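Q: got a sequence here, can you build the structure:
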Amino acid sequence: MDAMSVKEASEKWGISERRVQKLCEEDRIPGVVRFGHSWAMPKDAEKPPDGRLKFERKKS
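A: The predicted model follows:
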């Protein structure tokens, strides 16, 4: 498997390393694997949608 680390994913997706770790813990990234204290995910993995918002805000 061609894998990337949490740091590489955070730089690629423009989010914090902690947010990537939480996405891994919640199993929201397909193909993620835990190695001891580290996470590895496929290089071609896409950033999962932000599930914290239930609706799209209207622009005023």
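Q: once you drop chain neighbours, what's closest to residue 48?
A: residue 28 (4.4 Å; CB to CB, 6 or more residues apart in numbering). Every residue, glycine included, has its C-beta placed from N, CA and C.
Q: what's the burial count for the one you found?
A: For residue 28, the tally of surrounding residues (other CB atoms under 10 Å) stands at 13.
Q: next one: residue 19
A: Residue 19: 15 neighbours (other CB under 10 Å).
Q: buried set for the helix or strand hosting it?
A: Residue 19 belongs to helix 17-25 when assigned by DSSP states H and E. For helix 17-25, burial by neighbour count (16 or more other CB atoms under 10 Å) applies to 20, 23-24.
Q: a markdown table for these, including distance to residue 41 and pLDDT?
A: What follows is the buried residues of helix 17-25, written out as a markdown table (distance: CB to CB, whole Å; pLDDT from 0 to 100):
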| residue | distance to residue 41 | pLDDT |
| --- | --- | --- |
| 20 | 8 | 96 |
| 23 | 9 | 95 |
| 24 | 7 | 95 |
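Q: kindly export the helix holding residue 19 (C-alpha atoms) in CSV.
A: C-alpha atoms of helix 17-25 as CSV (Å, rounded to 0.1, in the frame of the first residue of the first chain):
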residue,chain,number,x,y,z
GLU,A,17,-3.1,17.1,12.2
ARG,A,18,-5.4,16.7,15.2
ARG,A,19,-8.5,16.8,12.9
VAL,A,20,-7.0,14.1,10.7
GLN,A,21,-6.3,12.0,13.8
LYS,A,22,-10.0,12.4,14.8
LEU,A,23,-11.2,11.4,11.3
CYS,A,24,-9.0,8.3,11.6
GLU,A,25,-10.3,7.5,15.0
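Q: show me how far the helix or strand just after that helix is from its chain's centre.
A: Counting by DSSP H and E, the element after helix 17-25 in chain order, helix or strand, is strand 33-35. Put simply, strand 33-35 sits 14 Å off its chain's centre (CA atoms, centre = their mean, to the nearest Å).
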